[in-house]
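Peer 1: Coordinates only, no sequence provided:
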Ligand SMILES: O=c1ccn([C@@H]2O[C@H](COP(=O)(O)OP(=O)(O)O[C@H]3O[C@H](CO)[C@@H](O)[C@H](O)[C@H]3O)[C@@H](O)[C@H]2O)c(=O)[nH]1
Ligand SMILES: [Mn+2]
């Protein structure tokens with residue numbers, strides 16, 4: 001304290017050895033160009049056999065090559081940021097720290113059980129931060145009195161939980177996560193555990209009954225908001241201030257003030273589009289500006305509990321740095337999950353994305369906003385341009401709002417009404433952007449375009465942990481929504497290249513495209529798994545001979561890329577098997593979810609369908625959970641995507657068998673030696689797909705393919721093979 005120029009509250013370090021990467025990447029690029037030349041100079045002449053497959057494969061390789069260039073962009077420069085929370089504590093007394101508003105979003109008491117939601121809420125209530133400066137808002141798009149009931153119970157429990165957390169300085173502070181990982185015989189410990197179990201049992205029994213008894217209803221006037229006509233899609237705005245942080249009697253067992261706790265279910269009417277999470281967030285931004293109006297906002301999904309009680313302080317180090325803090329709009333922590341199994345069968349976790357790619361984009365000044373685990377500056381998320389922003393250097397004194405709770409509720413309710421946004425800029429230039437199903441990424445682009453800088457911060461210990469999809473179907477549905485929403489952004493006015501022109505650095509524009517272009521990536525991928533096996537069956541060669549010089553770039557590009565990606569995965573903490581599993585999931589995603597996402601975007605562009613948001617299931621059946629934990633594929637439903645997966649796997653198996661047959665029967669001919677690379681490709685796809693054949697032919701449990709899928713895929717694949725000779 002007191003030194004002339006103050007030491008910074010965070011530092012940024014550039015990763016070393018980038019030159020080595022750049023050299024290596026140049027060699028791959030050379031190989032890619034060589035392949036392009038080969039494709040271009042060897043096109044079969046019109047009328048010659050195999051002209052169209054050749055053109056298709058060439059286009060795919062052009063697509064893959066261009067995409068590769070984008071992905072290497074996010075690896076060009078890597079910058080790691082680290083905050084100094086001790087310096088923050090030394091510099092600011094507790095009462096000088098800024099208030100913080102925390103938004104938790106939930107949307108469905110069945111897919112997101114209230115017992116899960118309140119664990120997230122309790123974890124953020126118990127931050128190592130002055131509780132009177134925290135205000136927690138729960139947005140319930142499910143409009144469910146079960147969730148409201150659970151939140152009431154949690155507010156009672158917090159009176160015991162907060163002192164317990166403080167006294168024993170425990171981690172993590174989600175009671176469920178804490179108790180499932182710790183044991184003690186201490187008396188106080190056992191008694192708090194008992195209290196938690198009691199609360200949980202009660203909440204779960206209410207969840208099971210699916211209604212609130214009259215007795216319980218009498219306990220809080222808030223229940224009067226629900227009647228027999230209230231449904232998820234049709235109800236008035238409900239706002240309840242469960243704990244008023246200004247109320248001197250709202251204290252925990254140790255006599256410390258409790259954080260403010262607010263429940264909100266914004267108005268829903270069947271004829272009003274509610275814009276999903278973006279709509280909920282915008283209502284929260286307005287509502288909180290009346291009730292607490294903190295300068296910083298933390299946004300969490302309801303399944304993301306905080307795993308680091310100091311996360312708020314760490315984030316503030318970035319915002320409050322005297323030198324650079326005022327330019328920063330948001331600090332994004334990576335999405336990590338607590339239910340990832342060792343080898344991550346469905347590739348749900350993103351170690352390489354979190355550690356490398358996101359830091360690679362951020363190195364150019366703007367971090368993606370990923371919807372959860374993100375701290376925002378209120379002005380920037382509301383829509384202000386950086387150039388209009390006047391940093392406030394005064395300390396953050398407590399707001400003295402003399403209004404009563406009822407007055408506050410009345411003043412804020414209208415802000416959550418359907419009609420409030422009509423004729424305003426909300427969803428366009430204010431708040432989160434409407435109209436795309438990945439509102440978070442789009443909003444991040446909008447904010448960067450307004451001149452703000454932002455930070456992606458990946459701490460050693462994950463600061464937030466959520467639930468990853470436990471079944472393949474749920475995982476693919478989520479990937480469909482993402483790929484579709486991301487491509488929608490590319491085609492919208494927020495396309496980084498046009499919207500960001502001269503406003504966002506080229507590195508960031510390209511970096512975003514790694515994700516925005518997931519959906520179109522499905523086209524070359526599909527081509528690569530369909531055309532080669534079909535051509536094999538017909539004996540049409542598509543790749544150079546083993547003895548030809550042209551073989552080299554193919555071998556090098558493939559092997560060097562695979563080796564690099566393996567090293568990258570291992571260095572980011574993946575296991576070898578985890579990396580292998582991810583390659584399979586990439587193949588599956590690109591040929592199913594991304595393709596469906598692509599088709600949906602085209603339909604939307606043509607005005608044939610509307611934006612939707614399929615909520616990710618946070619619960620799975622016991623049977624499904626067992627398979628998930630044992631890392632056994634779950635194909636047990638008749639999704640279209642499963643038929644696609646099985647058909648493509650069979651097609652490659654048939655292609656491989658057909659190719660082998662023709663080589664063996666025709667050992668010495670020139671043609672068969674030209675087919676070797678193609679056979680190797682189908683063989684590789686077949687090896688990667690091993691679990692799919694098992695689920696088709698060998699397995700007997702509920703996770704195998706349903707017979708309808710087996711029949712359909714067999715028919716489709718064999719029909720294709722039979723039709724080939726006619727082509
Ligand atoms: O109408 C809605 C729909 C969703 N949500 C909430 O949005 C969050 C994200 O939904 P989820 O089904 O868990 O989607 P994910 O794919 O897991 O979420 C990621 O991707 C979304 C965009 O597709 C972002 O909104 C999320 O923040 C980001 O974590 C959850 O808390 C939901 O409760 C709402 O509040 N209202
Ligand atoms: Mn989620």
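Peer 2: Yes, it's here. Computed from a prediction, not measured in an experiment: that's the story for all the values here. Ligands and ions are numbered 1, 2, ... in the order given.

Peer 1: Where does the prediction get shaky in the chain?
Peer 2: 1-4, 393-400, 667-670 (pLDDT under 70).

Peer 1: Apply 50 and report the result again.
Peer 2: 1-3 (pLDDT under 50).

Peer 1: Get me the contact residues on it for ligand 1.
Peer 2: For the chain, the residues in contact with ligand 1 (CB under 6 Å from any ligand atom) are 105-107, 112, 139, 141, 276-277, 280, 301-302, 371-372, 437-440, 478, 481-482, 485, 613, 615-616. Yep, even glycine has a C-beta here, placed from its N, CA and C like the rest.

Peer 1: Now for the residue in the stretch 301-450 of the chain that ligand 1 sits nearest to: which residues touch it?
Peer 2: Distances between the stretch 301-450 of the chain and ligand 1 by CB to the nearest ligand atom are smallest at residue 371, namely 2.1 Å. Contacts for residue 371 (CB atoms under 8 Å, 6 or more residues apart in numbering) come out as 277, 299, 301, 438, 439, 440, 441.

Peer 1: at 7 Å what do you get?
Peer 2: Contact partners of residue 371, counting by CB atoms under 7 Å, 6 or more residues apart in numbering, are 301, 440.

Peer 1: ok, back up a step: what about the residues of the chain next to ligand 1, which are in strands?
Peer 2: Judged by DSSP state E, the subset of those located in strands is 105, 106, 139, 301.

Peer 1: contacts with ligand 2 among those residues, please.
Peer 2: residue 301 (CB under 5 Å from the ion).

Peer 1: okay, among the ones in strands among the residues of the chain next to ligand 1, which ones form the most distant pair?
Peer 2: Using CB to CB, the two most remote members of these are 139 and 301, lying 10.8 Å apart.

Peer 1: any residues in contact with both of the two?
Peer 2: Both residue 139 and residue 301 are in contact with residue 105, where contact means CB under 7 Å, 6+ apart.

Peer 1: Which residue does the stretch 601-727 of the chain have closest to ligand 1?
Peer 2: Shortest the stretch 601-727 of the chain-to-ligand 1 distance, computed as CB to the nearest ligand atom: residue-wise this is residue 616, at 3.5 Å.

Peer 1: can you pull the buried residues of the longest helix seen in the chain?
Peer 2: Counting by DSSP state H, the longest helix found in the chain is helix 640-665. For helix 640-665, burial by neighbour count (16 or more other CB atoms under 10 Å) applies to 641-659, 662-663.

Peer 1: contact partners of the helix or strand following that helix?
Peer 2: Once the chain leaves helix 640-665, the next helix or strand it forms, by DSSP states H and E, is helix 670-674. Contact with helix 670-674 is made by 539, 541, 545, 546, 662, 663, 666, as judged by CB under 7 Å, 6+ apart.

Peer 1: which of the residues you listed tops the neighbour count?
Peer 2: residue 541 (22 neighbours; other CB atoms under 10 Å).

Peer 1: what's the closest of the ones in strands among the residues of the chain next to ligand 1 to residue 269?
Peer 2: Distance to residue 269, by CB to CB, is smallest for residue 139 among those, at 16.8 Å.

Peer 1: Roughly how far does residue 304 sit from ligand 2?
Peer 2: 8 Å (CB to the ion, to the nearest Å).

Peer 1: Neighbours of whatever residue of the stretch 401-550 of the chain ends up closest to ligand 2, how many?
Peer 2: Using CB to the ion, the single residue of the stretch 401-550 of the chain nearest to ligand 2 is residue 466, 5.8 Å away. By the measure other CB under 10 Å, the count of residues near residue 466 is 23.

Peer 1: I'd assumed residue 334 was in contact with it.
Peer 2: No. With contact defined as CB atoms under 7 Å, residue 466 and residue 334 do not form a contacting pair (10.8 Å).

Peer 1: I'd like to know how far residue 598 sits from ligand 2.
Peer 2: According to CB to the ion, residue 598 and ligand 2 sit 23 Å apart.

Peer 1: typo on my end, residue 14
Peer 2: In terms of CB to the ion, residue 14 sits 32 Å off from ligand 2.

Peer 1: list the contacts for that residue?
Peer 2: 77, 78, 79.
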